[in-house]
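Asker: no sequence on this one, just coordinates:
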C-alpha cells in the first residue's frame, strides 16, 4: 500500500493512497484528520486485537465505518452501508464498487499507516 501525506491549501492534513486503497486516504483525511486521541485509540485497539484481548473492533466515523479483526481491516463508506448490509457487500458482485467507498488491508499495514499518519499530523 503506497501513500502520500500533504497539507492542502487550507493547511489541513490530507492522505492520498494507492489504487484500491483510496478509501483509507479519505477516511484519514475526512474522519480522523489530526485527532491524535482517536488515532491512539485505534492503535490501542490494534494492539488488543493482536494480543488476543478482543476478536473484533468497529469504529464509526462521520463518513466511514472501520471494521477490524485480528488479521484484517475493512473500511466502508457509511452511504454504502445504508444501501447494503455488510454480508451483502462481502457476497455481492461488486459492479457498483468504488475504490473511494470501500477498501481492505492487513492489520499490520493499517498499524503502519496510522503510525505514519500520527507522526505526520504531529510534526
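Answerer: Arrived safely, thanks for sending. Not measured: the values here are computed from a predicted model.
Asker: By mean pLDDT, which helix or strand of this protein comes out lowest?
Answerer: None of the helices or strands of the chain scores lower by mean pLDDT, DSSP states H and E than helix 86-91, at a mean of 52.
Asker: what packs against the helix or strand that comes right after it?
Answerer: Counting by DSSP states H and E, the next helix or strand C-terminal to helix 86-91 is strand 102-106. Judged by 3 or more C-beta pairs under 8 Å, 6 or more residues apart in numbering; DSSP states H and E, strand 102-106 is in contact with helix 22-26, strand 72-77. All C-beta atoms are positioned from the backbone trio N, CA, C, and that covers glycine.
Asker: Just the buried residues of the longest one, please?
Answerer: For strand 72-77, the neighbour count (16 or more other C-beta atoms under 10 Å) marks 73-77 as buried.
Asker: List the contacts of the residue nearest to the spatial centre of the chain.
Answerer: Central residue of the chain (C-alpha atoms, centre = their mean): residue 24, 4.3 Å from the mean position. Each residue near residue 24 by C-beta atoms under 8 Å, 6 or more residues apart in numbering is listed here: 1, 3, 15, 17, 75, 103, 105, 110, 113.
Asker: any idea how far the third one lies from residue 116?
Answerer: Translated: residue 15. 9 Å (C-beta to C-beta, to the nearest Å).
Asker: and if you look at the fifth one?
Answerer: Distance, residue 75 to residue 116, using C-beta to C-beta: 16 Å.
Asker: returning to what we had before: can you say which of the helices and strands packed on strand 102-106 is nearest to residue 41?
Answerer: Across those, residue 41 has its closest neighbour in strand 72-77 (14.5 Å, C-beta to C-beta).
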